[in-house]
Structure formats: structure tokens, C-alpha cells
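Colleague: Sequence and predicted structure below; questions after.
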Amino acid sequence: MDPIKFKAASLCNEINLNQLAKHFGFEKKFQWDEPLFLSSNQLKGILKLPENKSAYIFSFGSIVFLNFEHHEMVDLVDYLKNIEKELFNASIDYFDDYSLILDPDEDVTVSYDYMSIPELKDFYFEIIAVVLAKSTALDRIEVGINILLDDIEDMIHFLEKGHLNISDERLARVSGKILGFKYNTISYVMLLDKPDITWVNEESQNLYNELEKLFELRDRYEKIRHKTETLLDITDVFTSLAHAKRGTRLEWMVIILIFAEILLSIIMYIWK
């Protein structure tokens with residue numbers, strides 16, 4: 001049996017699963033922590049060769065493709081763009097892959113690139129898909145945080161030179177992005193939550209814990225959390241300095257107005 005190839009991509013912050021589910025004929029309402037599974041039957045008409053192919057779509061913007069070629073991944077994403085507006089500008093920039101190998105003569109072996117198993121069990125697919133989806137979503141968040149750090153670094157250089165010409169709009173925009181990264185990491189990516197199947201199947205729980213550790217999901221989450229808190233502390237400093245500068249400017253304006261009023265009163269008294 002050929003290896004089952006998993007290819008994961010993080011496309012955006014959020015995908016409306018219920019919108020997609022309605023299009024594909026699912027009557028149930030999907031919860032925020034449930035992936036939408038598309039089998040080869042749902043992929044007919046989208047892919048030329050849908051046999052033995054499937055996909056997991058996650059609400060936090062990741063899709064995991066099973067046995068897809070790259071052009072087939074593009075075909076599915078382009079198809080979904082016509083249904084879900086959040087995917088309209090999506091591109092496959094954050095990507096990871098993994099293989100599941102069936103080898104009856106070997107015990108279960110888990111490595112960074114592949115997993116070898118003696119027999120197929122349904123939960124293997126979902127657990128691998130969940131971990132890969134979270135990992136690629138973290139990749140996208142990490143890149144965004146690093147870009148924001150560069151932006152903050154430029155602001156610090158201006159401050160070191162004695163300049164503080166930072167608008168409230170820019171500070172609000174930066175703070176909003178930082179909070180957005182923090183919110184996306186905790187709520188959308190659901191890093192601290194395990195799939196439901198792990199609560200009823202001890203073997204699936206052990207596998208999830210092992211893959212979570214292998215892909216360093218919690219360590220990467222902690223680094224993102226630390227960076228976002230550091231960035232928020234820095235923006236708080238900028239906000240305080242900017243407000244202090246405006247307060248000083250306002251005080252000088254009041255002093256100048258008082259002085260002008262006194263001067264005007266003196267001039268009016270002399271002219272009398």
C-alpha cells in the first residue's frame with residue numbers, strides 16, 4: 001500500500017464551516033472545534049481524479065489535504081473561494097506535509113516526517129490532520145508576529161532619536177494586530193484544546209500528545225504569547241509617552257492663551 005500523504009495549508013484566520021457544509025449538503029451545524037470532512041464523494045466534480053482523496057477543513061483557516069497533488073490543492077481552494085468569502089484572497093503560503101505508512105511488520109513509529117503503523121485505524125487520520133492544521137496556523141501567526149516586531153523596532157529607533165511622531169491611529173492599529181494574534185492563537189487555533197475523540201479513546205489521546213510534543217505546539221504557543229505580551233508592553237509605553245507629550249503641548253497652549261489674554265487686557269487698558 002502506498003503511503004497516505006497529508007498536506008496542510010493555513011489560508012486565513014477563519015473559515016465559515018457552516019457556509020461550506022450547506023453547499024456540500026451537510027444538514028448538521030458545525031461547532032467551532034469540529035473540522036468539516038470532505039470525502040472523495042464531495043470532491044467529485046472538483047477534482048478530475050477524486051478517488052482515495054479527502055480533505056479536512058478547520059474553522060481557524062487551515063485545510064489538510066489527503067493524497068492531493070499541488071495542482072489539486074489549488075483546484076479545491078479556488079472552488080471554495082466561490083463559496084466562502086474569507087478565502088477570496090487566500091494563497092497556499094504556509095505549508096507542511098506528513099506521511100502515514102502502513103507496515104504490518106513494524107510497530108507504531110512516530111517521527112517528524114512520517115508515522116508508520118501496523119494497521120489502519122480511523123482516528124489516525126483525524127489526529128494527524130488536527131496537529132498539522134494547528135502547526136501550519138502557528139507558522140502563519142509566527143510570521144505575522146515577526147513582521148509586527150520589525151514594525152515596532154522602527155518605532156523604537158525613532159524614539160531613540162528623540163522623535164515621537166506616532167499617530168493614535170498607528171498605535172491603535174498595531175495594538176489591534178497584537179491582540180488579534182493573541183486571540184487567534186487561543187480561540188481559533190484552539191491550541192489548548194484536544195480533539196473530542198481523545199476523550200473517549202486512550203490510544204488516540206496518546207498519539208495526539210506525542211504529535212503535539214513532536215511539533216512543539218505548546219512551546220510555540222508560549223513563545224507567541226510571550227512575544228504578544230512584550231509587544232503590548234512596548235505599545236503601552238508608546239501610548240503613555242504620546243499622551244504625556246500631548247498633555248504637555250496642551251498645557252503650553254493654555255499658558256500661551258492666558259498670556260495672550262493678559263497681554264490683550266494690558267493693551268486695551270493702555271489705549272483707554
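Modeller: Now that the structure is in, tell me what you want to look at. Numbering: from 1, shown residues only.
Colleague: now the strands for the stretch 1-150 of the chain?
Modeller: 4-10, 36-38, 54-57, 62-66, 94-102, 109-110, 114-117 (DSSP state E, counting those that start in this stretch).
Colleague: a markdown table for those strands, including mean pLDDT?
Modeller: Output for the strands of the stretch 1-150 of the chain, formatted as a markdown table (pLDDT from 0 to 100):
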| stretch | mean pLDDT |
| --- | --- |
| strand 4-10 | 95 |
| strand 36-38 | 95 |
| strand 54-57 | 97 |
| strand 62-66 | 96 |
| strand 94-102 | 92 |
| strand 109-110 | 92 |
| strand 114-117 | 93 |
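Colleague: Ok, which of these comes nearest residue 180?
Modeller: strand 4-10 (14.9 Å; Cβ to Cβ). In short, each C-beta sits where N, CA and C put it, glycine included.
Colleague: quick one, that closest one and strand 62-66 angle?
Modeller: 160 degrees (axes from the mean of the first three to the mean of the last three Cα atoms, to 10 degrees).
Colleague: Restricting the selection to alpha carbons, write strand 4-10 to PDB.
Modeller: Extracted as PDB, the C-alpha positions of strand 4-10 are listed here (Å, rounded to 0.1, in the frame of the first residue of the first chain):
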ATOM      1  CA  ILE A   4      -1.100   8.200   2.700                       C
ATOM      2  CA  LYS A   5       0.200  11.800   2.100                       C
ATOM      3  CA  PHE A   6      -1.000  14.600   4.300                       C
ATOM      4  CA  LYS A   7      -0.500  18.200   3.000                       C
ATOM      5  CA  ALA A   8      -1.600  21.000   5.300                       C
ATOM      6  CA  ALA A   9      -2.000  24.700   4.400                       C
ATOM      7  CA  SER A  10      -3.000  27.700   6.500                       C
END
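Colleague: Now do the contacts for residue 95.
Modeller: Counting by Cβ atoms under 8 Å, 6 or more residues apart in numbering, residue 95 touches 7-9, 136.
Colleague: Can you give me the domain assignment for the protein?
Modeller: 4-127, 138-271 (automatic domain parsing).
Colleague: follow-up on the earlier one: what's the closest of the contacts of residue 95 to residue 222?
Modeller: Distances from residue 222 to the contacts of residue 95, taken by Cβ to Cβ, are shortest for residue 136, at 18.3 Å.
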